[in-house]
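1. Next comes the sequence, and after it the predicted model I'd like to discuss.
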Amino acid sequence: MMRIVVITAPEFVQSEAETIRRLLDEGIDRLHLRKPASEEGAMRRLIESLPESLYPRLSLHDHLSLAAEYGLGGVHLNGRNPEAPAGFTGLRSRSCHSLEELAACTATTDYRFLSPIFDSISKSGYRSAFDRETLQRAAARGVINVRTLALGGVEPERLPWLHEVGFGGAALLGCIWRDTSREGLRQTLRRIEQYRNA
């Protein structure tokens, strides 16, 4: 079964904690808290608004010291935060934008995002950087594997294609946050469940 990670919208959104709880309660594997312009206090409030039982399934992109303080399950490393906090023992993930970068961080991360696989839903002008043949060759060499998640323009209907190419899962952003109404989220989650097992 494909692993599904959801990344938060970069800005804080209405009823966000409730949406995060629902996503994790209804089958999403992990949730990444990514708020690059946030202040530490605002991130602290979001974490504290969530049940502690969900903390092991949360990864943090910014203010990484809070991951250790609250016992969150993971940190996401990037240009702003290239190292995990001292003593942190949870999962480490990283965003990669080339196959070379992906190969270089395999030994130091538990899983990786490769992007953009498709044209982005949430970032205007952020276009696909890989064709199917390139991805399949990378999978044949072991560069793309079960610990590689596709990011960028991923809709639930594309999960079988990603599985065929060799990805272990996908990171979703735009397709989740464009409609977080009760019915909108229910339909998106139903599509994810349908296609992740296809």
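-> Great, that's in hand.

2. Excluding sequence neighbours, find me the nearest residue to Thr134.
-> Leu99 (7.5 Å; C-beta to C-beta, 6 or more residues apart in numbering). C-betas here are computed from N, CA, C, even on glycine.

3. first to last residue in stretch 29-37, what's the distance?
-> One end of stretch 29-37 to the other measures 25 Å (C-alpha to C-alpha, to the nearest Å).

4. For it, buried residues please.
-> 29-35 (16 or more other C-beta atoms under 10 Å).

5. Just the closest of those residues to Leu159, please.
-> Asp29 (12.9 Å; C-beta to C-beta).

6. who are the neighbours in contact with Leu185?
-> Counting by C-beta atoms under 8 Å, 6 or more residues apart in numbering, Leu185 touches 19, 22-23, 176, 179.

7. same thing but 10 Å
-> Neighbouring residues of Leu185 by C-beta atoms under 10 Å, 6 or more residues apart in numbering: 18-19, 22-23, 26, 176-177, 179.

8. Kindly report the same for Asp25.
-> By C-beta under 10 Å, 6+ apart, the neighbours of Asp25 are 51, 54, 189.

9. Now for the second one, how many residues are close by?
-> By that I understand Leu54. By other C-beta atoms under 10 Å, the residues close to Leu54 number 18.

10. do the same with the first one
-> Number of residues near Pro51 (other C-beta under 10 Å) recorded here: 11.

11. what does the last one give?
-> Using other C-beta under 10 Å, Leu189 has 19 neighbouring residues.

12. export the longest helix along the chain as PDB, just CAs?
-> Assignment by DSSP state H gives helix 182-196 as the longest helix of the chain. Provided in PDB are the C-alpha atoms of helix 182-196 (Å, rounded to 0.1, in the frame of the first residue of the first chain):
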ATOM      1  CA  ARG A 182     -16.400  18.300   5.700                       C
ATOM      2  CA  GLU A 183     -17.800  17.000   2.400                       C
ATOM      3  CA  GLY A 184     -14.700  18.100   0.300                       C
ATOM      4  CA  LEU A 185     -12.300  16.400   2.600                       C
ATOM      5  CA  ARG A 186     -14.500  13.300   2.800                       C
ATOM      6  CA  GLN A 187     -14.500  13.000  -1.000                       C
ATOM      7  CA  THR A 188     -10.700  13.500  -1.200                       C
ATOM      8  CA  LEU A 189     -10.000  10.900   1.500                       C
ATOM      9  CA  ARG A 190     -12.300   8.400  -0.300                       C
ATOM     10  CA  ARG A 191     -10.400   9.000  -3.600                       C
ATOM     11  CA  ILE A 192      -7.100   8.500  -1.800                       C
ATOM     12  CA  GLU A 193      -8.300   5.200  -0.300                       C
ATOM     13  CA  GLN A 194      -9.600   4.000  -3.700                       C
ATOM     14  CA  TYR A 195      -6.400   4.700  -5.600                       C
ATOM     15  CA  ARG A 196      -3.700   3.900  -3.000                       C
END
